[in-house]
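[1] I'd like to go over a predicted model; first the sequence, then the structure.
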Amino acid sequence: MSEPEVKDRAVGLLEQIADTALDDDYYVVRAGQFVATNGKPPHTREFNTTLTGIALAVFALLVTMAVLQTRSDRPATERERESLISNVNSRKKLQVSRTLTEQSLRSQVARLRGSADRIDPGYETLRVQTGDVSATGPGVTVVANSSTRGNDDGQVTDHDLQILVNGLWYAGAEAISINGHRIGSLTSIREAGGAITVNIRSIGPPYRVVALGNSDTLGPRFLENPSGRYWAARRQDAGVRFSVASSSQLTVPAVPKQQLTTTHVKAIGAAK
């Protein structure tokens, strides 16, 4: 092939590439624009506009459905949290209400006690007898301690103290305490864990028993009754030590509140 023919073919190939360089859609759009410029309606553009509107409407519908679904499907944890907050707030209100009720009842009790003092002179005497308040007056002090011989029989036991307290009651005592612990109707004197307890409190020797009553007769009547004779025998046989001293002014504390509370018994008048 000659050189002029080669050049002609190259030129023809370049022209063909230039003619097909643009996409076919370009020529379609170009033809639509040509028709529009010649006064004919652009049907393709109207079709595209309608399709776009439908697409936007569908998209808006999907967004609306998603919002409604989100509102109706709130997480369960959020609802539980709101329920817990509401429950806590209601409990706080209930606590405040009960606190105010407690304060009101305490005030009423204080007023009733004050009025009882004025109406019934024996009210305070009854409180002393039950151990609800501390008391003071004449009486005797009994000091008991273990033997110095080192024998087991010479140790003061809970049984020894029980007999001692009962003997003082029998002798006419009106209020008794052991090492600062008042003896009430619910008080127990017993051994627990190797120690003697009074009102659920451990005590140790020497044991100081304070008994309020007639200081002139309380000591002698105790020594003469069976409890006094029991302690005299304990001192002689096992070397247990004890002494009795009268006094014109002694003090015993009140019984702990938990040892005054009853949950089952009621006064006969209140039970009717």
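    Noted; the coordinates are in hand.
[2] All the strands of this structure, in order from the start?
    135-145, 175-178, 181-182, 189-192, 195-198, 201-203, 207-212, 241-252 (DSSP state E).
[3] Just the residues contacting the last one, thanks.
    So that's strand 241-252. Residues from elsewhere that reach strand 241-252, judged by Cβ atoms under 8 Å, 6 or more residues apart in numbering: 134-148, 164, 175-177, 182, 210, 212, 215-216, 218-219, 222-223, 231, 235. Backbone N, C-alpha and C define where each C-beta goes, glycine included.
[4] For that strand, buried residues please.
    For strand 241-252, the neighbour count (16 or more other Cβ atoms under 10 Å) marks 241-242, 244, 246, 250, 252 as buried.
[5] Same check on stretch 98-117?
    Under 16+ other Cβ under 10 Å, stretch 98-117 has no buried positions.
[6] Give the rounded mean pLDDT of that stretch.
    In this model, stretch 98-117 has an average pLDDT of 80.
[7] how about the strands of the chain in JSON lines, adding distance to Leu62 and mean pLDDT?
    Conversion of these to JSON lines gives the following (distance: least, Cβ to Cβ, whole Å; pLDDT from 0 to 100):
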{"stretch": "strand 135-145", "distance to Leu62": "88", "mean pLDDT": "95"}
{"stretch": "strand 175-178", "distance to Leu62": "87", "mean pLDDT": "96"}
{"stretch": "strand 181-182", "distance to Leu62": "82", "mean pLDDT": "95"}
{"stretch": "strand 189-192", "distance to Leu62": "78", "mean pLDDT": "91"}
{"stretch": "strand 195-198", "distance to Leu62": "79", "mean pLDDT": "92"}
{"stretch": "strand 201-203", "distance to Leu62": "78", "mean pLDDT": "92"}
{"stretch": "strand 207-212", "distance to Leu62": "91", "mean pLDDT": "96"}
{"stretch": "strand 241-252", "distance to Leu62": "87", "mean pLDDT": "94"}
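[8] ok, back up a step: nearest to Arg111, of the buried residues of strand 241-252?
    Val252 (27.9 Å; Cβ to Cβ).
[9] burial count for the nearest residue to that closest one once chain neighbours are set aside?
    Computed as Cβ to Cβ, 6 or more residues apart in numbering, the closest residue to Val252 that is not its neighbour in sequence is Ser177, at 4.1 Å. Number of residues near Ser177 (other Cβ atoms under 10 Å) recorded here: 26.
[10] Ser177 reaches Val209, doesn't it?
    Yes. The pair Ser177 / Val209 is scored as a contact, 7.3 Å apart, by Cβ atoms under 8 Å.
[11] Next, work out how far apart the residue nearest to Val252 and Leu212 are.
    The gap separating Ser177 from Leu212 is 9 Å, by Cβ to Cβ, to the nearest Å.
[12] ok, now Gln129?
    As judged by Cβ to Cβ, Gln129 and Leu212 stand 11 Å apart.
[13] So for the two, which residue has more residues nearby?
    Leu212 (24 against 13).
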